[in-house]
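**Student:** quick one, structure for this:
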Amino acid sequence: MKKIIANKEYTTLLRDKRFKLMGGLIAFLLLVALLGGFASYRSLKKERDLAQKEARETWLNQGEKNPHSAAHYGSFALRPKSEMSFFDFGVDSFTGTNVYLEAHRQNDPKFSAAQDSSSLIRFGEMTVAFVLQMLVPLLIIFLCFNSISQEKEDNTLKLMLSQGISMSLIAWGKIQGFSKALAWIIVPALLLTFILILIGTEGSLSADLLLRFALTLLAYAVYFFVFISLSVVISARAGSSRNALLSLLGIWVLACVILPKATTNIGASIFKAPSNFEFREAIHKDEENGIDGHNPSDKRFEALKKQVLAQYKVDSVEQLPVNFDAIAMQEGEKYSTMVYNKHFDRMENIYQNQNSVAAYSAILNPFMAVRNLSMGLAGSDYKTALAFQKYAEKYRYEMVETLNTHMRDFSKTGDWEKKADAGIYAKIPDFDFKNPSITSVLSQNWVALLALLIWVFMCIKMVSNLKNISLS
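**Tutor:** I've put the predicted structure just below:
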């Protein structure tokens with residue numbers, strides 16, 4: 001009987017003008033979002049790959065110079081585009097993509113797409129994820145709101161129940177039929193997504209990328225199941241189709257529009273972050289208390305000099321077999337890095353606490369669960385951007401350390417004019433950032449995974465308990 005009900009609902013829905021009109025519109029938006037997103041992805045990927053290559057060539061060909069001067073000359077690190085970022089832009093448009101790497105200073109990633117866009121970008125971008133998260137649930141609501149309430153109004157539900165068919169069986173049949181019809185809109189878009197991923201990777205799909213795509217499909221399948229089940233349950237319990245529609249639209253507005261913004265604002269209010277001016281002033285204040293490699297009157301500098309002289313058993317820096325200036329520079333680099341890491345870690349904790357408010361709201365809101373999981377799997381979430389920033393800082397520190405060490409060993413104290421061979425620059429490896437592993441993504445988004453499981457269980461329970469409902 002469930003199969004008969006599902007086929008009847010599926011056939012009826014395919015003939016429904018609402019389904020043809022709204023489904024066609026959603027399919028068109030998915031196509032536009034896919035093609036537009038992929039074109040933007042390829043363009044940005046090409047530009048960043050080219051810019052990173054040029055930055056590397058500039059670094060290698062800068063010519064002979066003092067190693068520490070080369071450290072100040074610096075280089076650039078660009079965040080590569082994730083293979084699935086065209087599916088879900090996430091926070092990519094709001095986070096910087098370019099970091100300048102130089103001695104004594106950690107720079108923030110710069111040049112986000114939002115800087116060159118109007119304020120309308122805050123309302124969202126037309127991506128596949130946006131359509132699937134915001135518009136498909138709305139389509140489900142308009143298709144399913146009268147799935148059972150209309151049966152009650154037409155008195156056909158009593159007839160069905162009198163044949164010995166349980167209410168939960170009817171509901172499961174309708175859920176199956178609606179899911180089958182919805183697949184005609186969603187599946188082609190997802191197949192095209194897979195084809196575009198193949199094109200973007202030139203057919204070299206990794207196991208990690210395949211698993212990311214499969215988990216993304218599963219997450220959205222659960223999300224749509226939740227909305228279809230809720231729509232059918234509310235339609236069964238509502239007094240009329242009109243009441244069912246109003247209730248479902250209220251849920252959609254609350255879940256997809258109000259709660260995401262509200263939880264973000266609550267997190268920002270509870271865990272307040274300092275302004276950029278306050279942040280930089282705190283760093284400057286701490287830096288002044290440390291080694292200033294260019295200032296011999298610094299007490300820490302003097303303490304370091306005594307330590308090095310005692311280590312080499314000499315009376316003056318001129319007698320040292322190594323360059324004391326380079327040693328001082330590296331010690332200064334260690335201290336400034338410690339200062340920067342201290343303040344950046346503090347900021348990271350504040351932002352993590354802010355985001356945790358929205359993350360835990362996924363228990364009450366499936367939209368937040370699928371949004372966070374989708375961004376994480378696409379490699380376009382905040383944590384991936386943070387991983388890039390940390391990797392860039394690690395690369396910067398190792399670059400400066402290599403140059404300072406070379407200066408320490410190949411020249412003497414005070415010999416700032418001596419230049420290193422250009423071959424030293426090749427000892428610095430290429431910048432090669434990789435997105436966090438799938439294991440890391442899942443562990444970071446365990447709340448979203450748990451929330452989706454809870455919602456599946458709740459929906460199954462609600463549908464199975466559809467027994468004592470009013471038939472009028």
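**Student:** just the helices in the stretch 151-300 of the chain please.
**Tutor:** In the stretch 151-300 of the chain, the helices defined using DSSP state H, counting those that start in this stretch lie at 156-162, 167-200, 207-237, 241-253, 259-270, 276-288, 299-312.
**Student:** the stretch 351-472 of the chain too?
**Tutor:** For the stretch 351-472 of the chain, helices defined by DSSP H, counting those that start in this stretch occupy the ranges 366-378, 382-410, 438-444, 446-464.
**Student:** report the secondary structure state of Ser43.
**Tutor:** helix (DSSP: H, G, I helix; E, B strand; the rest coil).
**Student:** check the gap between it and Thr95 for me.
**Tutor:** According to Cβ to Cβ, to the nearest Å, Ser43 stands 18 Å off from Thr95. Backbone N, C-alpha and C define where each C-beta goes, glycine included.
**Student:** between the two, who's got more neighbours?
**Tutor:** Remark: of Ser43 and Thr95, Thr95 carries more neighbours, 21 against 11, as counted by other Cβ atoms under 10 Å.
**Student:** what secondary structure does the more buried one sit in?
**Tutor:** Classification of Thr95 using three-state DSSP returns coil.
**Student:** what's the closest non-adjacent residue to it?
**Tutor:** Nearest residue to Thr95, sequence neighbours excluded (Cβ to Cβ, 6 or more residues apart in numbering): Ala385, at 4.2 Å.
**Student:** Glu348 now?
**Tutor:** Leu386 (6.6 Å).
**Student:** burial of the one you found, as a residue count?
**Tutor:** Number of residues near Leu386 (other Cβ under 10 Å) recorded here: 17.
**Student:** for Asn107, helix, strand, or coil?
**Tutor:** Per three-state DSSP, Asn107 ends up coil.
**Student:** residue contacts, it?
**Tutor:** Going by Cβ atoms under 8 Å, 6 or more residues apart in numbering, Asn107 touches Val99, Tyr100, Leu101.
**Student:** ok, and the most crowded of those?
**Tutor:** Compared across the contacts of Asn107, Val99 has the highest neighbour count, 25 neighbours, by other Cβ under 10 Å.
**Student:** surely that residue and Phe111 touch.
**Tutor:** No - if you go by Cβ atoms under 8 Å, Val99 and Phe111 don't touch, sitting 9.8 Å apart.
**Student:** which one in this protein is furthest away from the centre?
**Tutor:** If you look at how far each residue of the chain sits from its centre, by Cα atoms, centre = their mean, the farthest one is Asp315, at 55.9 Å.
**Student:** would you agree that one falls within a helix?
**Tutor:** No - under three-state DSSP, Asp315 sits outside any helix and is assigned coil.
**Student:** now it: how far from Val308?
**Tutor:** Taking Cβ to Cβ, one finds Asp315 at 12 Å from Val308.
**Student:** what do you get for Tyr395?
**Tutor:** 28 Å.
**Student:** between those two, who's got more neighbours?
**Tutor:** Set Tyr395 next to Val308 and count neighbours by other Cβ under 10 Å: Tyr395 wins out with 20 against 17.
**Student:** ok, now which ones touch that one?
**Tutor:** For Tyr395, the contact set (Cβ under 8 Å, 6+ apart) comprises Ala77, Leu101, Phe431.
**Student:** check which helix or strand covers the first one.
**Tutor:** Secondary structure assigned from DSSP states H and E places Ala77 in strand 75-78.
**Student:** which strands or helices does whatever helix or strand comes next after that strand pack on?
**Tutor:** Proceeding C-terminally, strand 75-78 gives way to strand 98-101 as the next helix or strand, assigned by DSSP H and E. With contacts defined as 3 or more Cβ pairs under 8 Å, 6 or more residues apart in numbering; DSSP states H and E, the packing partners of strand 98-101 are strand 75-78, helix 382-410.
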